[in-house]
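J.: fold the following.
(one chain, ligands or ions: 1)
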Amino acid sequence: MVQGDDAGFQALIEKITRDRGFRCSSYKDKCLRRRIAVRMRAKHTPTAGEYSTALDADPKEYDRLIRSLTVNVTKFFRNWDTYSVIRNTVVPELWERGEPETRIWSAGCSSGEEPYSIGILMHKHAAERRESARLETIRILGTDIDADCLGEAERAFYADTALGDTPPALREQYFPQIAGLHGMLPEVRRLASFECNDLLAYEPPLQDVHLILCRNVIIYFEREAQDALFSAFHRALARGGFLVLGKVESLLGGARGLFTPVNARERIFRKI
Ligand SMILES: C[S@@+](CC[C@H](N)C(=O)[O-])C[C@H]1O[C@@H](n2cnc3c(N)ncnc32)[C@H](O)[C@@H]1O
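T.: Residues are numbered from 1 along each chain as shown. Below you'll find the model as predicted:
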């Protein structure tokens with residue numbers, strides 16, 4: 001943790017916000033301090049002031065710091081139980097709605113594993129119904145603040161570790177092996193597109209969205225930012241649209257009046 005030198009720490013986070021547009025004040029203080037401390041140790045800079053100088057001297061270190069602050073850990077079908085409920089409850093309902101365009105937004109999608117996991121479930125449902133032509137109407141948008149991650153999502157080639165929670169039958173069908181990596185099946189790859197979006201700007205990139213997944217992202221945000229984000233999600237969702245949070249995340253305060261639980265255990269909610 002960055003301790004003691006509080007004025008120095010405040011100056012450092014103001015600098016990061018100014019230089020990189022990374023809205024530090026909306027992230028949990030404890031989390032920022034812990035992650036900055038790791039980078040300070042790695043650069044052998046014991047004070048926030050020295051680390052600030054190191055950032056100016058080394059743009060690559062700045063990139064490493066931002067990468068560490070954003071926490072990009074993810075994998076396909078992370079928390080399979082949640083995807084199981086999505087597959088059995090959410091996907092069939094989205095399909096039955098029969099919208100001219102079904103809009104799905106994976107907010108904080110990291111390197112694409114989450115939006116492609118949903119893409120696989122939609123693809124599978126279409127195949128089972130023998131309605132694959134309707135996949136043309138499915139639009140999945142993955143957004144993240146980290147442009148490098150989005151580049152990986154666009155490339156859509158994954159190491160074995162990314163497939164950790166993927167059932168063997170889905171692995172076989174959806175991930176052709178290419179040069180030791182797992183490529184995303186093109187029919188699923190083309191359902192998804194990616195763009196940069198800072199959730200803390202509270203400007204959803206899509207409107208009338210039928211399903212928003214924002215998992216393992218708000219956990220890093222301060223309470224006020226979480227409240228503002230839930231309002232933004234409520235605005236962006238279509239009537240009856242779904243919101244899925246991470247397993248350790250919850251709706252708090254006023255947001256409880258905006259959504260009703262579909263499956264509280266799996267953190268699946270519906271817009272009221
Ligand atoms: C732990 S990953 C979660 C990935 C995926 N949703 C999952 O659950 O596996 C958190 C992601 O949120 C992104 N993130 C952090 N702050 C963000 C912000 N202000 N706007 C958009 N994305 C952000 C990070 O870049 C990272 O890719």
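J.: you'd agree residue 141 is in a strand?
T.: Yes. Counting by DSSP: H, G, I helix; E, B strand; the rest coil, residue 141 falls inside a strand.
J.: name the nearest residue to it, ignoring sequence neighbours.
T.: Nearest residue to residue 141, sequence neighbours excluded (Cβ to Cβ, 6 or more residues apart in numbering): residue 105, at 5.1 Å. C-beta coordinates here come from the backbone N, C-alpha and C atoms, glycine included.
J.: is the one you found bridged to anything, and to what?
T.: Beta-bridge partners recorded for residue 105 (DSSP bridges): residue 141, residue 212.
J.: does it touch residue 208 like I think?
T.: No. With contact defined as Cβ atoms under 8 Å, residue 105 does not reach residue 208; the gap is 10.6 Å.
J.: list the contacts for the closest residue in space to residue 214 that isn't next to it in sequence?
T.: Once flanking residues are discounted, residue 214 sits nearest to residue 107: 4.2 Å by Cβ to Cβ, 6+ apart. Listed by Cβ atoms under 8 Å, 6 or more residues apart in numbering, the contact set of residue 107 reads 143, 197, 199, 212, 213, 214, 217, 233.
J.: elements contacting the lengthiest strand in the chain?
T.: Ranked by residue count and defined by DSSP state E, the top strand of the chain is strand 237-245. In terms of contacts (3 or more Cβ pairs under 8 Å, 6 or more residues apart in numbering; DSSP states H and E), strand 237-245 is packed against strand 209-214, strand 268-271.
J.: could you dump those into JSON lines with mean pLDDT added?
T.: Compiled in JSON lines, those are given as follows (pLDDT from 0 to 100):
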{"stretch": "strand 209-214", "mean pLDDT": "98"}
{"stretch": "strand 268-271", "mean pLDDT": "98"}
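J.: minimum distance to residue 59: which of the ones you listed has it?
T.: Residue 59 lies closest to strand 209-214 among those, at 30.1 Å (Cβ to Cβ).
J.: that closest one close to the ligand?
T.: No. Remark: strand 209-214 sits outside contact range of the ligand, by Cβ under 6 Å from any ligand atom, the gap being at least 6.7 Å.
J.: show me this protein divided up by domain.
T.: Split into domains by automatic domain parsing, the chain comes to 6-70, 80-271.
J.: looking at those domains, which is buried most?
T.: The highest mean neighbour count among the domains of the chain, using mean count of other Cβ atoms under 10 Å, belongs to domain 80-271: a mean of 18.
J.: measure that domain end to end?
T.: 23 Å (Cα to Cα, to the nearest Å).
J.: just to revisit the earlier point, for the contacts of residue 107, work out which two are farthest apart.
T.: Those two in the contacts of residue 107 that are separated most widely, counting by Cβ to Cβ, are 197 and 213, at 13.7 Å.
J.: where exactly do the strands run in the stretch 51-200 of the chain?
T.: 102-107, 138-144, 157-158, 177-178, 181-183, 192-196 (DSSP state E, counting those that start in this stretch).
J.: up against the ligand, what does the chain have?
T.: 70-74, 78, 108-110, 114, 144-146, 149, 197-200, 215-217, 246.
J.: mind running it again at 8 Å?
T.: With Cβ under 8 Å from any ligand atom as the criterion, the chain comes near the ligand at residues 22-23, 26-27, 69-75, 78, 106-111, 113-114, 143-146, 149, 197-200, 213-217, 220-221, 246.
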